[in-house]
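**Q** sequence plus predicted model, see below.
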Amino acid sequence: MKIAIFTDTLYPDINGVARTFKRFTEYLDDKDISYKIFAPESNQNEHAASRVHRFKSLSFFLYPECRLAFPNLLQIKAELTQFSPDLIHVATPFNLGLAGIHFAKKLNIPLVGSYHTDFDQYLNYYDLQFLSKFLWKYMNWFHRTCVKVFVPSKETFSQLKQHGFTNLEIWPRGVDCQVYHPFYDKNKVRVKYGLSKKYLLTYVGRLAPEKDVSTLLAVSKAIPAEINKDIDWLVVGDGPLREELQEKAPVNMGFTGFLNGEQIAEIYSSTDLFVFPSPTETFGNVVLEALASGTPVIGANAGGVKNIIKPGVTGRLCTPGEIEEFTNAIQELLNRHSLRIQMGWEGRNFAISQNWDTIFENLLTHYSSVIEERKLPKYA
């Protein structure tokens, strides 16, 4: 099997999509499966650089870490003709995705797609709701030529089905439980970040409007003083709102900037509660990482997050933007030590079941069925 992937974000970018495709390409390398990736330019060294074709690009205003590439169609055609893929996978609805669709048709190559980002929800945070109708019309048009459209969660599946999408398949995300686990030295994290309070609460993610970090800030200030005096916060990540958040943050909230790998894993492991108010996730990789680290999660009852957290078992789900609900959930779990510990172990057990190899095996099975279907007489 030979696979061509068109994406607008790829490692070393720091986001869920880029990290998913990094894991996927490592899996393909391990299985000796050939692939070629078409992605925006990067100034950094990268894994499997010889298999990645980069193009000049500009930042996308709703998501600067996601870049809009300017693909050279002649180069793409030459690469595809030489590589002769069995299947094209488009993971972006922008320029590179359009190029992938074009050449799938032109070269008669089976086409699948994947839906990763809920841009419709993003519009609400940038006062662009009037574009919603046009966005969904475009998204339907873009994906209708795909034999299968892979989505990361049941919630996203239902949302797209309601908007008229067909041929949907769930492609969930896994977590590396050897990196994310509860057994790191917690004192090391406390010393490193100067933490002295009884409890550590953490947020990991992009600091941008669509992550509803304003609710995170409001919650941190709404916790009663008698409990708040025992809490340290760590906010891990970067983004357009970082400077504003730091200016408005309470004195017990620290900001680490971007971290990766074991640096984040150590913080998850040392955290008493992971607080994640974002209502716009199609999956919620950081939620699964926190659970793998034995940390209960208090998250928004929306998007893919609601499919990961089992209320009362691995954490709590709160109405998006409802500060009082988040605050009450935090107080309850901080006051119930044994329940919090039990939730942590339940979360760890769930995360262990989310195995990347099994997930990728299932994806390749779908790939194979699409390729075999193309060989049937109806395509002749």
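**A** On my side now, so go ahead. Residues are numbered from 1 along each chain as shown.
**Q** switch to C-alpha atoms for all contacts and neighbour counts from now on
**A** Noted.
**Q** next helix or strand past the lowest-mean-pLDDT helix or strand in the chain?
**A** Lowest by mean pLDDT, DSSP states H and E among the helices and strands of the chain is strand 63-69, with a mean of 65. With elements assigned by DSSP states H and E, the helix or strand that comes after strand 63-69 is helix 73-83.
**Q** give the rounded mean pLDDT of that next one.
**A** For helix 73-83, mean pLDDT rounds to 94.
**Q** what of stretch 338-355?
**A** On average, stretch 338-355 scores 97.
**Q** same check on stretch 118-136?
**A** pLDDT averaged over stretch 118-136 gives 84.
**Q** just the CA coordinates for it, please, in CSV.
**A** Extracted as CSV, the C-alpha positions of stretch 118-136 are listed here (Å, rounded to 0.1, in the frame of the first residue of the first chain):
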residue,chain,number,x,y,z
ASP,A,118,-14.6,22.6,14.1
PHE,A,119,-14.2,25.9,12.2
ASP,A,120,-17.9,26.6,12.5
GLN,A,121,-17.6,26.8,16.3
TYR,A,122,-14.5,29.0,15.9
LEU,A,123,-16.6,31.6,14.0
ASN,A,124,-18.6,32.3,17.2
TYR,A,125,-15.4,33.4,18.9
TYR,A,126,-14.4,35.8,16.1
ASP,A,127,-17.8,37.4,15.5
LEU,A,128,-18.0,35.7,12.1
GLN,A,129,-21.2,33.7,12.7
PHE,A,130,-22.7,35.1,9.5
LEU,A,131,-20.2,32.9,7.5
SER,A,132,-21.6,29.6,9.0
LYS,A,133,-24.0,28.8,6.2
PHE,A,134,-21.3,29.3,3.6
LEU,A,135,-18.8,27.3,5.6
TRP,A,136,-21.0,24.3,5.8
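**Q** any buried residues in it, and which?
**A** 118, 120-123, 132, 136 (16 or more other Cα atoms under 10 Å).
**Q** let me have the residues you listed in a markdown table, adding distance to residue 239 as columns.
**A** Output for the buried residues of stretch 118-136, formatted as a markdown table (distance: Cα to Cα, whole Å):
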| residue | distance to residue 239 |
| --- | --- |
| 118 | 18 |
| 120 | 20 |
| 121 | 18 |
| 122 | 15 |
| 123 | 17 |
| 132 | 24 |
| 136 | 26 |
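**Q** max pairwise distance over those residues: which two?
**A** Spatial extent of the buried residues of stretch 118-136 (Cα to Cα) is set by the pair 122 and 136 at 12.9 Å.
**Q** quickly find the element holding residue 201.
**A** For residue 201, the element it lies in under DSSP H and E is strand 199-204.
**Q** distance check, residue 9 against residue 179.
**A** 23 Å (Cα to Cα, to the nearest Å).
**Q** so between these two, which is more surrounded?
**A** residue 9 (26 against 16; other Cα atoms under 10 Å).
**Q** how about the secondary structure of the more buried one?
**A** Of the three states, residue 9 takes coil under DSSP: H, G, I helix; E, B strand; the rest coil.
**Q** thanks a lot, catch you later.
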